[in-house]
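[1] the amino acid sequence is not available; the structure is as follows:
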């Protein structure tokens, strides 16, 4: 059974205590208070109620909860949530093909993240713990936040500082964050520019999407491509705890990486 099936079925074996559990519990409603309290009694942050629970469903629940609540917090970082940012959140829900109940929960989590008393550090620290150092999963989380932050085409300094802080708390170096940031920017331009871009500009952004310089060897480019495809492989991400609802997003990301690689291959004729 999926994480959502267990949640609506009342199976609390993978429910979360700690800051994530508190956010999820208030978003779901008082009927889950008992389950959340039991989770806290059985280990606090990350504590299980029943033995032998499914780890993947637990991580999927943590990812979904953290993603939409932190997205709301980042959107509010500059003091107000723009219509573009709200539209981006709803577009993400649409891409994930969320059902009505899932969509309502995602909106409620987004709204919880906007509140002044939202425990960002607690949520991020617990999310990192729940991921069990699954770096590719946390990378997908950060990349999704970066895309959401660019919903209005402007990254406010307050949003930038907050994203850097989140990245650092997840264990990423400043250099790695900058590389992620550059890839996300290049990806947006590569696909939004389309035929209006010059071939030279599109090629430049293709290199940036793969995280390599134009002076890189063919072998280095192939290695970077294989690494990114492996990191964003939908089946691998889901097996590590990415919610099934995000398979489409992961698939689209691999398609964009492949398109950038094909652009470079065509230019280099290899």
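    Received the coordinates, thanks. Everything numeric in this text was worked out from a predicted model, so none of it was measured.
[2] so where do the helices sit in the chain?
    3-8, 18-28, 33-41, 55-75, 83-95, 100-114, 120-130, 135-149, 157-169, 174-193, 199-210, 218-231, 234-240, 247-268 (DSSP state H).
[3] can you redo those as TSV with mean neighbour count and mean pLDDT?
    Just so you know, the C-beta spots here come from the backbone N, C-alpha and C atoms, and that holds for glycine as well. Formatted as TSV, the helices of the chain follow (neighbours: other CB atoms under 10 Å; pLDDT from 0 to 100):
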stretch	mean neighbour count	mean pLDDT
helix 3-8	18	73
helix 18-28	22	88
helix 33-41	16	40
helix 55-75	24	91
helix 83-95	16	86
helix 100-114	19	93
helix 120-130	20	95
helix 135-149	21	91
helix 157-169	17	95
helix 174-193	16	83
helix 199-210	19	86
helix 218-231	15	91
helix 234-240	16	81
helix 247-268	17	88
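[4] OK, contacts around residue 132?
    Each residue near residue 132 by CB atoms under 8 Å, 6 or more residues apart in numbering is listed here: 55, 59.
[5] look up how far residue 166 lies from it.
    Distance, residue 132 to residue 166, using CB to CB, to the nearest Å: 18 Å.
[6] same check on residue 88?
    17 Å.
[7] for residue 223, same thing?
    Distance from residue 223 to residue 166, counting by CB to CB: 28 Å.
[8] go on, residue 107?
    Taken as CB to CB, the span from residue 107 to residue 166 is 21 Å.
[9] same question, residue 93
    21 Å.
[10] next: residue 263.
    From residue 263 to residue 166 the distance is 31 Å (CB to CB).
[11] got it, and residue 91?
    Taken as CB to CB, the span from residue 91 to residue 166 is 21 Å.
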